[in-house]
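*Asks:* quick one: sequence plus predicted model below, questions after.
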Amino acid sequence: MTYSIRYMIFCLVVPMVALVSNPMPVEAASRDRIEAFLTTTGFDVALESIALASASAPQMLGIDPDGFGADWTRLTEEVFDTEEMHETAVSILEQTLRDEALNHAVEFYASDLGQRLVEAENASHMVEDDDAKQLEGQEIISDLVRSGSDRVEGLKRMNRAIDSSDTSLRALQEIQLRFLLAASASGVIDLQFSGDELREVLRRNEAQMRQSIQLSALAGAAYTYQDFSDTDIDAYADALEQPLMQEVYELLNAIQYEIMAMRFEVLAARMAELRPAQDI
């Protein structure tokens, strides 16, 4: 799965309460098939990489991360427990993922192209130096633009298919909001804004944030798929634009963002163990 996890740390696309409380859809996938689906599509690795997003948490709060030392590593390993995040995703998918949609996604990702894509995406997800990855991706884009390549449009088309309803912007806003409010409630920071005021600040910055997300996603895609041909990129975009694949991505994005939001709320509360309150 193609995700810019580290950047999209800061909203729940689809309310997970509604997802979980709805009756199980007709022909919902079994647990064993969901586990196979996660491995085949690479979403299991995408979930594991959520933990890398914790690196930016202290900066969001205006706190020097170097002051935490080994305690920070211990805390993030506890909060971003990969087995717990995996279990949450499987439990939700058991109730929401239709067999028809699962079969469609697995058929593509089990193909030769699909498995090559998953291998590249898995490797990209687990790159810890996101700044270096972004820089290399930006350089690739610059070279493509200078050469007049059509590949940039192919990458943009692919990214639009992955995030067809502007969900990453809402995700970014909501996760940031929930994290800051949880940090304030736990005494980690002294937040000078109410929840409504903070929402307004985020709303005013939407245009800039949207552009930043798009540029980050484009650079990330350029880096991740640099060894793929233009034909491969176009074929991937074709696959992502199919209605059943759109259904799968909408659900997986919702799950991913909600897990991130929940984990960051827990992290905010637990950070009180490490650092006295600071103003923000």
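*Replies:* Right, received. Where do you want to start?
*Asks:* for this structure, what's the longest helix?
*Replies:* helix 243-270 (DSSP state H).
*Asks:* downstream of the worst-scoring helix or strand of the chain on mean pLDDT, the next helix or strand is which one?
*Replies:* In the chain, no helix or strand scores lower on mean pLDDT, DSSP states H and E than helix 16-21, which sits at a mean of 33. Using DSSP states H and E, the helix or strand that follows helix 16-21 in sequence is helix 31-41.
*Asks:* point out where the protein drops to low pLDDT.
*Replies:* 1-29, 65, 164-165, 275-280 (pLDDT under 70).
*Asks:* if we use 50, what do you get?
*Replies:* 2-26, 276-280 (pLDDT under 50).
*Asks:* quick one: the strands in it?
*Replies:* Counting by DSSP state E, the chain has strands at residues 189-190, 278-279.
*Asks:* list the strands paired with the first one, with their directions.
*Replies:* Read that as strand 189-190. strand 278-279 (parallel) (DSSP bridges).
*Asks:* count of residues packed around residue 208?
*Replies:* Counted with other Cβ atoms under 10 Å, the neighbours of residue 208 add up to 9. For every residue, glycine as well, the C-beta is placed using N, CA and C.
*Asks:* with residue 134 instead?
*Replies:* So residue 134, with other Cβ under 10 Å, has 19 neighbours.
*Asks:* how about the contacts made by it?
*Replies:* Neighbour list for residue 134: 216, 219, 220, 223 [criterion: Cβ atoms under 8 Å, 6 or more residues apart in numbering].
*Asks:* out of the residues you listed, which sit inside helices?
*Replies:* 216, 219, 220, 223.
*Asks:* which of the residues you listed tops the neighbour count?
*Replies:* residue 220 leads the ones in helices among the contacts of residue 134 on contacts (other Cβ under 10 Å) with 25 neighbours.
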